[in-house]
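*Asks:* Below are the sequence and a predicted model; questions follow.
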Amino acid sequence: MLRAWAEVVATARRTAADRLVVGTSGNVSARVGDTVLVTPSGVPYDRLGPDLITGTDLDGRRTLGTAVPTSELPLHLAVYRHTDAAAIVHTHAVHATAVSTLVDELPPVHYMAGALGGRVRVAGYALYGTEELAAEVRHALRDRTGCLLRNHGTLTYGATLAQALDRTAQLEWMCQVWLAASAVPGRTPTLLTDAQLDAAGAKLRGYGQPPRQRG
């Protein structure tokens, strides 16, 4: 459990170092069996350590540590209950948050949207830390591994924290690309079709090195 917590802490610090969050905004979690390890509320990431390990069960009951979990705990729990997520990264990334105020889905300017399952939706606005926000995000994540949150930020999930963080970075980058391209006077960005995104997504599933064989 301590090793998984160390990965949560390291990932949270990466979101700050990569300027995906400001101050204590955003949050990170990982599921280990029926325990959800999650960053605590209002604690700067550079102060996190083994003494601040924070864990709950899938109903939100605290099972590890004494720190108060992030206010977005309902959001994390809803994603774990309704997807195969093992790790979640939630940020207030600048470009993604800007895009969330402009459109209902991120225009598909790049094939990496296929890595998130297709066109990236924007979850409807609801007050942070509420079940209403959790419901909006669940709806936006149908058949997707990431979404934008209206006037708020991003959420991505994955089989590992590294995968969830990579998806967050890719989503922020795609938002930056769209904002840059759409800002060119007199020009409209070329967008990909759903078929093109599906083909890219299928190819990306086989991307990288094959698993090592044991023995």
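*Replies:* Sure thing, it's come through.

*Asks:* longest helix in the protein, by residue count?
*Replies:* helix 161-182 (DSSP state H).

*Asks:* Identify all contacting residues around it.
*Replies:* Residues outside helix 161-182 that contact it (C-beta atoms under 8 Å, 6 or more residues apart in numbering) are 7-8, 10-11, 14-15, 18, 20, 28, 30, 85, 87-89, 91, 93-96, 98-99, 106-107, 109-110, 112-113, 115-116, 120, 145-146, 148, 154, 156-158, 187-189. Every residue, glycine included, has its C-beta placed from N, CA and C.

*Asks:* center of this protein, which residue is that?
*Replies:* Nearest to the centroid of the C-alpha atoms of the chain, with distances taken as C-alpha atoms, centre = their mean, sits T156, at 2.2 Å.

*Asks:* give me the low-pLDDT residue ranges for this protein?
*Replies:* For the chain, applying pLDDT under 70 flags the ranges 206-215.

*Asks:* quick one, helices of it?
*Replies:* Counting by DSSP H, the chain has these helices, from start to end: 2-17, 73-82, 94-100, 131-140, 161-182, 194-204.

*Asks:* With distance to L64 and mean neighbour count added, can I get those in TSV?
*Replies:* Compiled in TSV, the helices of the chain are given as follows (distance: least, C-beta to C-beta, whole Å; neighbours: other C-beta atoms under 10 Å):
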stretch	distance to L64	mean neighbour count
helix 2-17	8	18
helix 73-82	13	21
helix 94-100	31	21
helix 131-140	22	18
helix 161-182	17	20
helix 194-204	35	14
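
*Asks:* hmm, back to that, filter the contacts of helix 161-182 down to the ones in strands?
*Replies:* Using DSSP state E, 28, 30, 87-89, 91, 106, 120, 146, 148, 154, 156-158 are the members of the contacts of helix 161-182 that sit in strands.

*Asks:* Can I get those in CSV including distance to Q170?
*Replies:* Compiled in CSV, these are given as follows (distance: C-beta to C-beta, whole Å):
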residue, distance to Q170
V28, 17
A30, 20
A87, 15
I88, 15
V89, 12
T91, 12
L106, 11
V120, 10
G146, 8
L148, 13
T154, 10
T156, 8
Y157, 13
G158, 11
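
*Asks:* Give me the distance from the longest helix of the chain to the chain's centre.
*Replies:* Using C-alpha atoms, centre = their mean, to the nearest Å, the mean C-alpha position of helix 161-182 is found 10 Å from that of the whole chain.

*Asks:* how about that helix as PDB, C-alpha atoms only?
*Replies:* Backbone C-alpha positions of helix 161-182 (Å, rounded to 0.1, in the frame of the first residue of the first chain) are rendered in PDB as follows:
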ATOM      1  CA  LEU A 161      -1.100   6.300 -12.800                       C
ATOM      2  CA  ALA A 162       1.500   6.800 -15.600                       C
ATOM      3  CA  GLN A 163      -1.200   6.100 -18.200                       C
ATOM      4  CA  ALA A 164      -3.700   8.400 -16.600                       C
ATOM      5  CA  LEU A 165      -1.100  11.200 -16.400                       C
ATOM      6  CA  ASP A 166       0.000  10.700 -20.000                       C
ATOM      7  CA  ARG A 167      -3.600  10.900 -21.100                       C
ATOM      8  CA  THR A 168      -4.000  14.200 -19.200                       C
ATOM      9  CA  ALA A 169      -0.900  15.600 -20.900                       C
ATOM     10  CA  GLN A 170      -2.100  14.500 -24.300                       C
ATOM     11  CA  LEU A 171      -5.500  16.100 -23.700                       C
ATOM     12  CA  GLU A 172      -4.000  19.400 -22.600                       C
ATOM     13  CA  TRP A 173      -1.800  19.400 -25.600                       C
ATOM     14  CA  MET A 174      -4.700  18.700 -28.000                       C
ATOM     15  CA  CYS A 175      -6.600  21.600 -26.400                       C
ATOM     16  CA  GLN A 176      -3.600  23.900 -26.900                       C
ATOM     17  CA  VAL A 177      -3.300  22.800 -30.600                       C
ATOM     18  CA  TRP A 178      -7.000  23.600 -31.300                       C
ATOM     19  CA  LEU A 179      -6.800  27.000 -29.600                       C
ATOM     20  CA  ALA A 180      -3.700  27.900 -31.600                       C
ATOM     21  CA  ALA A 181      -5.200  26.700 -34.900                       C
ATOM     22  CA  SER A 182      -8.600  28.200 -34.400                       C
END
